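In: Got a sequence here, can you model it:
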Amino acid sequence: MGEHVRSRMGFRRPALTTVLLVAGALTLAPSASADHDHDDCDQLTDASFKGRYAASFQGQALAPVDGQLVFVPAAAEGFLIADGKGRITSATRAVSAGGMITLDQMFTCTYKVGSEGTGTATCTVTDTGDVEHYSFVLEGQGAAIRFLRTDPGFVVLGSARR
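Out: Numbers count the residues shown, from 1 in each chain. I've put the predicted structure just below:
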């Protein structure tokens, strides 16, 4: 289960350990082609998001430091397994937020994929019960995913690939 860390002021940092995982730095990954042919993404569904994915993210998270809320760097990497039926049934990540490390953090999610490949996910961290929200887009019939955390206090982008 995930390890919890405390800041110098003794604040427990569950918000930092809940920054999501879900391979490569999105800001460095090539963007989707502007001349994308819609024929290769016709009628995507929850079944399009299925299998084991390696994932990573980077960004910033709002955290208490020395009694003040400040943005700190955040990154994570790990894996997830999507069942193709709207659930991420198994996922584990290592998180670094403001230099504080959480290893083996487990979580599960529910998700919904729209016909154009965009979707949303709600994830729950297993040991803390913290809830996270994401917006995502599938690429290549679900072979890759780009995601954005949509909770206030987070600027986190990531990607995952089968």
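
In: Helix, strand or coil: sort out residue 115 for me.
Out: Here residue 115 is coil, with the state taken from DSSP: H, G, I helix; E, B strand; the rest coil.

In: give me every residue that touches the closest residue to residue 113 other than its chain neighbours.
Out: Nearest residue to residue 113, sequence neighbours excluded (Cβ to Cβ, 6 or more residues apart in numbering): residue 119, at 4.2 Å. For glycine as for every other residue, the C-beta is placed from the backbone atoms N, C-alpha and C. Shown in contact with residue 119 (Cβ atoms under 8 Å, 6 or more residues apart in numbering): 49, 111-113, 135-138.

In: Residue 119 is in what secondary structure piece?
Out: Residue 119 belongs to strand 118-125 when elements are defined using DSSP states H and E.

In: strands paired with that strand, and their directions?
Out: Sheet pairing of strand 118-125 (DSSP bridges) gives strand 100-113 (antiparallel), strand 131-139 (antiparallel).

In: List the buried residues for the shortest one?
Out: By neighbour count, with 16 or more other Cβ atoms under 10 Å as the criterion, the buried positions of strand 131-139 are 132-134, 136-139.

In: ok, now the first one?
Out: Under the neighbour-count criterion of 16+ other Cβ under 10 Å, strand 100-113 has 100, 102, 105, 107-109, 111, 113 buried.

In: can you give me the strands in this structure?
Out: 50-65, 68-83, 87-97, 100-113, 118-125, 131-139, 144-149, 154-161 (DSSP state E).

In: Now do the fourth one and strand 87-97, the angle between them.
Out: It refers to strand 100-113. 150 degrees (axes from the mean of the first three to the mean of the last three Cα atoms, to 10 degrees).
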